[in-house]
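Peer 1: sequence unavailable; structure follows:
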């Protein structure tokens, strides 16, 4: 083993070269890992979204993305980035069941992103799934871990609006029992749904005139597990 | 003799020079992600991978890296391993990755890792550097797990998400909030210091006894 003399300073070219080579190798390694994991990551995200849509809309086996363009809700296979999207849910026969609406808003610590199922005919929320949140573990995270709370959103009248009430005092169909110790997070969920509903209300077609399913996917191929 | 030294380098990280309980390094992930045992283990695993990987590289190339730019080189090596760990976790266990959030990229800033490169891997042959890294990383995982387990058991009544107590258990919620991390860590550090004092006293007593006998 030959170690260079410690007291003699190497030229700056050598220093620059060392860092350049290190940076180059590191860049190659990072690009490699990025390229090799990207398909899995994209597939994971798409699968998560599908599973969430099927979860918030009971009975749904097919879905398609819908966006509001030129005063109408139209089917698009690949929505633009940052364009508000709802997902239309359909059963095996292609019968429309409801919308799965992605919505996001500030929670207690960070943005809460969620998806809720909405049946326009009965003006009901039929399911809610939190997609992303950094709420306090053990307290705020009950918005998706506490099944009692999540269950509140399975049959909920959305008109005139959803109201979060103190736990155990629910009396009407549009009320949600909040979570003890996590009132802010629970109210944030309710507010996010209300706001999303208010912004979509004018854009959804009247019940019965929903866009029909365009591409027939083999039901259950991906959702069947 | 050689094997003995390698073993010594490995074992010191777990107990005598435990990176968390004795050196008190890496406190940021320590306090931030130990609110449940599974998060603690995932974080420990990622750190383990980064520490061992960077130690191998740093130790192998220690003669090629001029000492004027060594810290920058160490950081480049560490950051590369962290990015690899980040994407691998995201692809394989998206749920855990979501929970750990920003703390995976922050492994770059974990002073334990840079500290081991500077203090050990850049001065010793690869074999010893690997043993040292394995020991330190294991010590870190053990520390994270013990903190995470204590906090999850007391704060949530569960371990790895499995409920341990009956319905009547009232979770001690502060334990999974940030203050719980400080409390638990404080108690564990107290124990380690108490143990060390007792041990030193014991060794002194033995020495004194031997002197009086001799």
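Peer 2: Yep, that arrived. This one's a predicted model, so the numbers in the text were calculated from it and none came from an experiment.
Peer 1: what is the longest helix seen in chain B packed up against?
Peer 2: Across chain B, the longest stretch assigned as helix under DSSP state H is helix B:178-213. For helix B:178-213, the elements it packs on are helix B:27-32, helix B:126-156, judged by 3 or more C-beta pairs under 8 Å, 6 or more residues apart in numbering or on different chains; DSSP states H and E. Bear in mind the C-beta positions are built from the backbone N, C-alpha and C, glycine included.
Peer 1: looking at those helices, which is closest to chain A?
Peer 2: With C-beta to the nearest C-beta, the closest approach to chain A among the helices and strands packed on helix B:178-213 belongs to helix B:126-156: 5.8 Å.
Peer 1: show me what the closest one is packed against.
Peer 2: Taking 3+ C-beta pairs under 8 Å, 6+ apart as contact, the helices and strands that helix B:126-156 lies on are helix B:2-14, helix B:27-32, helix B:37-60, helix B:111-116, strand B:158-159, helix B:178-213.
Peer 1: tell me the angle of that helix relative to helix B:2-14?
Peer 2: If you take axes from the mean of the first three to the mean of the last three C-alpha atoms, to 10 degrees, helix B:126-156 sits at 30 degrees to helix B:2-14.
Peer 1: tell me which helix or strand of chain A sits lowest on mean pLDDT?
Peer 2: The helix or strand of chain A with the poorest confidence is strand A:72-75; it has a mean of 81 (mean pLDDT, DSSP states H and E).
Peer 1: residues of that one that come out buried?
Peer 2: Applying a neighbour-count criterion of 16 or more other C-beta atoms under 10 Å in any protein chain shown, the buried positions in strand A:72-75 are residue A:73.
Peer 1: C-terminal to that strand, what's the next element?
Peer 2: Later in the chain than strand A:72-75, the nearest helix or strand by DSSP states H and E is strand A:85-90.
Peer 1: the helix or strand just after that following strand - which strands sit beside it in the sheet, and in what orientation?
Peer 2: Following strand A:85-90 in sequence order, the next helix or strand is strand A:96-106 (DSSP H and E). The partner list of strand A:96-106 in its sheet, established with DSSP bridges, is strand A:85-90 (antiparallel), strand A:111-119 (antiparallel).
Peer 1: what's the first one in contact with?
Peer 2: Going back to what we said before, that points to strand A:85-90. Outside strand A:85-90, the residues within contact range by C-beta atoms under 8 Å, 6 or more residues apart in numbering or on different chains are A:49, A:53-54, A:57, A:60-67, A:73, A:75, A:79, A:96-102, A:117, A:200, A:204, A:210-211, A:213.
Peer 1: buried subset of the residues you listed?
Peer 2: Neighbour counting by 16+ other C-beta under 10 Å classes A:49, A:53-54, A:57, A:60-67, A:73, A:79, A:96-102, A:117, A:200, A:204, A:210, A:213 among the contacts of strand A:85-90 as buried.
Peer 1: one step back: quick one: work out the angle between the longest helix of chain B and helix B:126-156.
Peer 2: Going by the same axes, to 10 degrees, helix B:178-213 makes 120 degrees with helix B:126-156.
Peer 1: residue A:25 in helix, strand or coil?
Peer 2: The three-state label given to residue A:25 by DSSP: H, G, I helix; E, B strand; the rest coil is helix.
Peer 1: contacting residues for it?
Peer 2: residue B:80 are the contacts of residue A:25 under C-beta under 8 Å, 6+ apart.
Peer 1: contacts only, for residue B:19.
Peer 2: With contact taken as C-beta under 8 Å, 6+ apart, residue B:19 is in contact with B:13, B:25-26, B:112, B:136, B:139-140, B:143.
Peer 1: please apply the same query to residue A:52.
Peer 2: Under the criterion of C-beta under 8 Å, 6+ apart, the neighbours of residue A:52 are A:100, A:115, A:129, A:131.
Peer 1: which of those residues has the most neighbours?
Peer 2: residue A:100 (29 neighbours; other C-beta atoms under 10 Å in any protein chain shown).
Peer 1: look at residue 20 and give its secondary structure.
Peer 2: Picking chain A for this. Per three-state DSSP, the secondary structure class of residue A:20 is helix.
Peer 1: ah, I was thinking of chain B
Peer 2: Taking three-state DSSP as the rule, one finds residue B:20 in the coil state.
Peer 1: find the nearest non-adjacent residue to it, please.
Peer 2: residue B:143 (3.6 Å; C-beta to C-beta, 6 or more residues apart in numbering or on different chains).
Peer 1: redo the strands paired with strand A:96-106 as a markdown table? Include distance to residue A:25.
Peer 2: Listed next are the strands paired with strand A:96-106 as a markdown table, based on distance: least, C-beta to C-beta, whole Å:
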| stretch | distance to residue A:25 |
| --- | --- |
| strand A:85-90 | 41 |
| strand A:111-119 | 36 |
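Peer 1: now those strands in TSV, with distance to residue B:31 and mean pLDDT?
Peer 2: As requested, the strands paired with strand A:96-106 are exported to TSV (distance: least, C-beta to C-beta, whole Å; pLDDT from 0 to 100):
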stretch	distance to residue B:31	mean pLDDT
strand A:85-90	39	87
strand A:111-119	24	90
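Peer 1: follow-up on the earlier one: of all the contacts of residue A:52, which two lie farthest apart?
Peer 2: The largest distance within these, taken as C-beta to C-beta, falls between A:100 and A:131 and amounts to 10.9 Å.
Peer 1: shared neighbours, the two?
Peer 2: Counting by C-beta under 8 Å, 6+ apart, the shared contacts of residue A:100 and residue A:131 are A:52, A:115.
Peer 1: residue 21: how many residues sit nearby?
Peer 2: Looking at chain A here, since you left the chain open. As a burial measure, residue A:21 scores 13 neighbours (other C-beta under 10 Å).
Peer 1: I was after chain B.
Peer 2: Number of residues near residue B:21 (other C-beta under 10 Å) recorded here: 22.
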